[in-house]
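**Student:** sequence and predicted structure are below.
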Protein chains: 2
Amino acid sequence: MRLASLRHGRDGKLVVVSDDLAWYAHAGPETPTMQAALDDWARAEPRLRAISEGVNTNTILRERFHEREAASPLPRAYQWADGSAYVNHVALVRQARGAKMPESFWTDPLMYQGGSDVFLGPRDPIPLKDEAWGCDFEAEVAVIVDDVEMGVTPAEARERVRLVMLVNDVSLRNLIPAELEKGFGFFQSKPSSAFSPVAVTPDKLGDAWRDGKLHLPMRVTLNRKPFGDANAGEDMTFDFGTLIAHAAKTRELAAGTIIGSGTVSNRDADGGPGKPVSEGGRGYSCIAEQRMIETIQTGKPVTSFLKHGDRVEIEMLDAKGHSIFGRIEQEVAKA
Amino acid sequence: MRLASLRHGRDGKLVVVSDDLAWYAHAGPETPTMQAALDDWARAEPRLRAISEGVNTNTILRERFHEREAASPLPRAYQWADGSAYVNHVALVRQARGAKMPESFWTDPLMYQGGSDVFLGPRDPIPLKDEAWGCDFEAEVAVIVDDVEMGVTPAEARERVRLVMLVNDVSLRNLIPAELEKGFGFFQSKPSSAFSPVAVTPDKLGDAWRDGKLHLPMRVTLNRKPFGDANAGEDMTFDFGTLIAHAAKTRELAAGTIIGSGTVSNRDADGGPGKPVSEGGRGYSCIAEQRMIETIQTGKPVTSFLKHGDRVEIEMLDAKGHSIFGRIEQEVAKA
């Protein structure tokens, strides 16, 4: 089942989208919004699945689905907690600035609390006041969970995943060092994120969804040139079950909580940092990582952070080459 | 005008409370929840104020209000961002552990993104799995804002405050050092917070609300003994306008965003750290601060963090001795 929220008011209008992303049908007044469906998933799911069957077989009233008309699946959410499960990525960041990474990072997940009151739509511009802030994208996988009790185990937590989607976790790199030095984590350095047009139930992902990970390449382009193709199922040190359990260690999580994977990042076969797509490698899921590689290789970064007018696309295709979640496609705009 | 949310489903049922906190009237189907009122405040406010007039003059149907039947004014919210405006408090924390505080802390606000998907009710137990986590309360003032545009000035931001309330920002002290060392800020160390039974519009606070601060003592008891009486209007380095503007520097804030003051903390007249209430001082708004004073004075802390069965009360009285927001009253319970 694939769900989307058409632009409408603060919370969008929930629709059920066909598997080919070409059609939609309204979810109806019982679940007018995505959050309403998540608030009572056990009741909502069978009804929404029946609509899904109808929209796929053209046996109910359906209309053309256009990704550009979609808001983020949850246009605003009660929680957005983003992990950093690709420890490889963290190790590279540290290596680039000559800092040692604690060994505990391989066993104890990093996670930050993100702002969730305003999400950008998947085709919305990224509003940027000042290019000097060092605007970057981060291509990630994210899941939406049902209610989760405090102290849940990772195995139990995997069963709480209701929907999967992609996210562009916009980051202001040049604001990060001063903010982290203050010790309270990210705030101004993490402006509004954008999610893929469509959120998908795990069963629709088939074999690609296993061990609490999504085993498919994250396709990223920058100004329409291939930039990243890292496999989200590889080098993910902490699966989603572990990330959810980490978030729920000292408190319960409410239905509609979004948990992110952190920037997808693959190692080379020899353990090295990989190569840019232009050199035949899998590339990167954020500019910062490419800049790190450039720094390690040549002593200084070459690729600049996002300027006004730059465009990023984030998408994931299934084995047949069809888009699973629709495409995040954003241009950086003067705010 | 005073608003509360009676316990009902995930979002409570919005009611208008009389100034003496003895009566309430339903807000009605147009604004069934606090968030619904905040989503369209310009329309909701005049209607709610008319109900407020009626409930205060006994000219509409009204029922007895019992604080124990209230959820937090927003039982869940789209954003909870907590500042640390009483820099005195931060300076003391650092002093206790022999660390120097950067000078920039006096000019650049500290703020962390808190979890907002589940808030405890004002009389709910604090669920604590492990006493070794070092559970503490933090008595703070918090405001709920309307929509705030990116880049708002502090003066403009003050005008966006719609409601004021109190908060117990529950903290797990012994989980904080390891979490902050990881660099991503608080997460497991900040479980669910609880807010006062009633949220109040600034006009009801009269002269006590000025310069973006609430100039009244924060009365805290621990196991029914006086523990804190610090004035929330004194030593607040950053007023709420400045805190809101800080939060909105790189992104807009959605209506219903809650901004916290951080733990209220006063200096002595001579600039010293103050005295416990039992020694004739104004005391403290969290156990950690009292432990710091004990450490500075005697070399080690004496007061222990919260154990199962301990009870904390947080309240603020007006000039006539009447409770403004109702009382937060929580017992620590085995989770």
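**Tutor:** The structure has been received and is ready for your questions. What you see is a predicted model, and the numbers here were worked out from it, not measured in a lab. Numbers count the residues shown, from 1 in each chain, chains lettered A, B, ... in the order given.
**Student:** give me the secondary structure label for A:G271.
**Tutor:** coil (DSSP: H, G, I helix; E, B strand; the rest coil).
**Student:** against chain B, how distant is A:R76?
**Tutor:** 5 Å (Cβ to the nearest Cβ, to the nearest Å). Using the backbone N, CA and C atoms, a C-beta is placed for each residue, glycine as well.
**Student:** so that residue is in which element?
**Tutor:** Using DSSP states H and E, A:R76 is not contained in any helix or strand.
**Student:** nearest spatial neighbour of it, skipping sequence neighbours?
**Tutor:** B:Y78 (5.0 Å; Cβ to Cβ, 6 or more residues apart in numbering or on different chains).
**Student:** got a list of what the one you found touches?
**Tutor:** By Cβ atoms under 8 Å, 6 or more residues apart in numbering or on different chains, the contact set of B:Y78 is A:R76, A:A77, A:Y78, A:S116, A:D117, B:Q35, B:S116, B:A254, B:G256, B:T257.
**Student:** check A:R2 too.
**Tutor:** A:V16, A:V17, A:S18, A:D19, A:L21, A:S52, A:V198, A:A199, A:V200, A:T201, A:K204 are the contacts of A:R2 under Cβ under 8 Å, 6+ apart.
**Student:** the fifth one is in contact with A:E69, isn't it?
**Tutor:** No. Between A:L21 and A:E69 no contact is recorded; they are 12.0 Å apart, counting by Cβ atoms under 8 Å.
**Student:** so between those two, which is more surrounded?
**Tutor:** Using other Cβ atoms under 10 Å in any protein chain shown, the more surrounded residue of A:L21 and A:E69 is A:L21, with 21 against 17.
**Student:** distance of the more buried one from B:A319?
**Tutor:** Note on A:L21: its distance to B:A319, by Cβ to Cβ, to the nearest Å, is 62 Å.
**Student:** do A:V152 as well
**Tutor:** Using Cβ to Cβ, A:V152 is found at 48 Å from B:A319.
**Student:** try A:V145
**Tutor:** 47 Å.
**Student:** find the closest residue to chain B in chain A.
**Tutor:** For chain A and chain B, the shortest gap (Cβ to the nearest Cβ) falls at A:G185, measuring 1.8 Å.
**Student:** you'd agree that residue is in a helix?
**Tutor:** No. Counting by three-state DSSP, A:G185 is not part of a helix but coil.
**Student:** that one - nearest residue in space that isn't next to it in sequence?
**Tutor:** Leaving aside its sequence neighbours, A:G185 sits nearest to B:G185 (Cβ to Cβ, 6+ apart; 1.8 Å).
**Student:** let me see the contact set for A:W23.
**Tutor:** Counting by Cβ under 8 Å, 6+ apart, A:W23 touches A:V17, A:V55, A:N58, A:R62, A:E63, A:R64, A:F65.
**Student:** list only buried entries from the residues you listed.
**Tutor:** A:V17, A:V55, A:R62, A:F65 (16 or more other Cβ atoms under 10 Å in any protein chain shown).
**Student:** and the first one, what are its bridge partners?
**Tutor:** Applying DSSP bridges to A:V17 gives these bridge partners: A:R2, A:Y24.
**Student:** pretty sure it sits against A:E67.
**Tutor:** No. In this structure, A:V17 is not within contact of A:E67 by Cβ under 8 Å, at 9.4 Å.
**Student:** hey, what's in contact with both of these two?
**Tutor:** With Cβ under 8 Å, 6+ apart, A:V17 and A:E67 have common neighbours A:V198.
**Student:** hmm, back to that, distance to A:K213 and secondary structure added to the contacts of A:R2, as JSON lines?
**Tutor:** Shown next, in JSON lines, are the contacts of A:R2 (distance: Cβ to Cβ, whole Å; DSSP: H, G, I helix; E, B strand; the rest coil):
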{"residue": "A:V16", "distance to A:K213": "26", "secondary structure": "strand"}
{"residue": "A:V17", "distance to A:K213": "24", "secondary structure": "strand"}
{"residue": "A:S18", "distance to A:K213": "26", "secondary structure": "coil"}
{"residue": "A:D19", "distance to A:K213": "22", "secondary structure": "coil"}
{"residue": "A:L21", "distance to A:K213": "23", "secondary structure": "coil"}
{"residue": "A:S52", "distance to A:K213": "24", "secondary structure": "helix"}
{"residue": "A:V198", "distance to A:K213": "19", "secondary structure": "coil"}
{"residue": "A:A199", "distance to A:K213": "17", "secondary structure": "strand"}
{"residue": "A:V200", "distance to A:K213": "15", "secondary structure": "strand"}
{"residue": "A:T201", "distance to A:K213": "16", "secondary structure": "coil"}
{"residue": "A:K204", "distance to A:K213": "16", "secondary structure": "helix"}
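**Student:** ok, these vs A:R173, which is closest?
**Tutor:** Nearest to A:R173 out of the contacts of A:R2 is A:A199 (Cβ to Cβ; 27.9 Å).
**Student:** check contacts around that closest one.
**Tutor:** Neighbours of A:A199 in contact, by Cβ under 8 Å, 6+ apart: A:R2, A:L3, A:A4, A:M34, A:P73, A:I144, A:L163, A:V164, A:M165, A:F325.
**Student:** centroid-wise, who is the farthest residue in chain A?
**Tutor:** Within chain A, A:T59 marks the point farthest from the mean C-alpha position, 32.6 Å out by Cα atoms, centre = their mean.
**Student:** what pLDDT does A:V264 get?
**Tutor:** pLDDT for A:V264: 97.
**Student:** A:A232 is in contact with that one, correct?
**Tutor:** Yes. If you go by Cβ under 8 Å, A:V264 and A:A232 touch, sitting 4.8 Å apart.
**Student:** between these two, which contacts overlap?
**Tutor:** Residues within reach of A:V264 and of A:A232 at once, by Cβ under 8 Å, 6+ apart, are A:V141, A:M218.
**Student:** got the residues of the stretch 1-150 of chain A near chain B?
**Tutor:** Contacts of the stretch 1-150 of chain A with chain B, taken as Cβ under 8 Å from any Cβ of the partner chain, map to A:10, A:39, A:76-79, A:81, A:84, A:102, A:105, A:108, A:110-118, A:127, A:129, A:133, A:150.
**Student:** can you turn the buried part of those into a PyMOL selection?
**Tutor:** Restricted to buried positions by 16+ other Cβ under 10 Å, the PyMOL selection for the residues of the stretch 1-150 of chain A next to chain B reads:
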select buried, chain A and resi 10+39+76+77+78+79+81+84+105+110+111+112+113+114+115+116+117+118+127+129+133+150
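**Student:** restricted to strands, list the residues of the stretch 1-150 of chain A next to chain B.
**Tutor:** A:A81, A:M111, A:Y112, A:Q113, A:G114, A:P127 (DSSP state E).
**Student:** contacts only, for the residue nearest to A:G185.
**Tutor:** A:Y112, A:Q113, A:G183, A:F184, A:G185, A:F186, B:Y112, B:Q113, B:E179.
**Student:** roughly how far apart are it and A:M111?
**Tutor:** Counting by Cβ to Cβ, the gap from B:G185 to A:M111 is 9 Å.
**Student:** is A:N174 in contact with A:A132, as I believe?
**Tutor:** Yes. The pair A:N174 / A:A132 is scored as a contact, 6.4 Å apart, by Cβ under 8 Å.
**Student:** neighbour count: the two, which is higher?
**Tutor:** Shown here are A:N174 and A:A132; by other Cβ under 10 Å, A:N174 has more neighbours (16 against 11).
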